[in-house]
Structure formats: structure tokens, C-alpha cells
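Novice: Everything below, folded, please.
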Amino acid sequence: MVVITLQRKKCIGCNYCVELAPEQFQMSKKDGKSVLLHSQEKKGFFTLKSADENILEASLEAKKACPVKIINVKQV
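Specialist: Residues are numbered from 1 along each chain as shown. Model prediction:
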């Protein structure tokens, strides 16, 4: 199980996450911030839980590239 969390409010819209993990992230046309696809929002944190282990590597790359460190990825 892969768990990805995005603290969207702090996003600066750099687009790195979309470039590195386009199947998990896209940019919002409304406010220019990252959107974690298929996620659930709770208190400003957007969380995606996926059984697809194939998304782990791209998601970790997106986490590393994020200049404001608002992406968290863990394998459980």
C-alpha cells in the first residue's frame, strides 16, 4: 500500500510533481496549485491510499523535487 499526502494550501504551483508523477498529480486551472488525483481531503491535507505499488517510484521523485516539501510518500 502506498500513501501519498499533499498539503495543498502551501503549494506554490511549480509543476514538478505533475512532470514527475502525472498519474497522481495535475495542476488546477482555477488556482494554479497541485491536485492529488483521487484523494480525500481532511483538515487541509489531501491523502491518496493506493494498492498499486507501481506509483511509488514516481511519487517519491515528486516528493524529492517539491521545493516547499508539501508532499509525503510512504509505503505501508
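Novice: distance of Lys49 from Ile55?
Specialist: Applying C-beta to C-beta, to the nearest Å, the value for Lys49 to Ile55 is 11 Å. Glycine gets a C-beta too; all of them are placed from N, C-alpha and C.
Novice: For this protein, which segments count as helices?
Specialist: 16-20, 56-65 (DSSP state H).
Novice: and Ile55, what does it touch?
Specialist: 2, 4, 21, 23-24 (C-beta atoms under 8 Å, 6 or more residues apart in numbering).
Novice: For the chain, which segments count as strands?
Specialist: 2-6, 25-27, 34-36, 40-42, 45-50, 71-75 (DSSP state E).
Novice: and the longest one with strand 71-75, angle?
Specialist: Orientation of strand 45-50 against strand 71-75 (axes from the mean of the first three to the mean of the last three C-alpha atoms, to 10 degrees) gives an angle of 30 degrees.
Novice: List the buried residues of strand 45-50.
Specialist: 45-46, 48, 50 (16 or more other C-beta atoms under 10 Å).
Novice: contacts for it?
Specialist: 1-8, 24, 35-41.
Novice: Of those, keep whichever come out buried.
Specialist: 2, 4-8, 24, 35-36, 39.
Novice: now for the residues you listed, which pair is the farthest apart?
Specialist: Pairwise distances across these peak at 18.5 Å for Val2 and Arg8 (criterion: C-beta to C-beta).
Novice: before we move on, the earlier item: would you reformat the helices of the chain as a markdown table and include mean neighbour count and mean pLDDT?
Specialist: As requested, these are arranged in a markdown table below (neighbours: other C-beta atoms under 10 Å; pLDDT from 0 to 100):
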| stretch | mean neighbour count | mean pLDDT |
| --- | --- | --- |
| helix 16-20 | 19 | 98 |
| helix 56-65 | 18 | 98 |
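Novice: Those into a markdown table, with extra columns for distance to Asn72?
Specialist: Converted to a markdown table, the helices of the chain look like this (distance: least, C-beta to C-beta, whole Å):
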| stretch | distance to Asn72 |
| --- | --- |
| helix 16-20 | 12 |
| helix 56-65 | 7 |
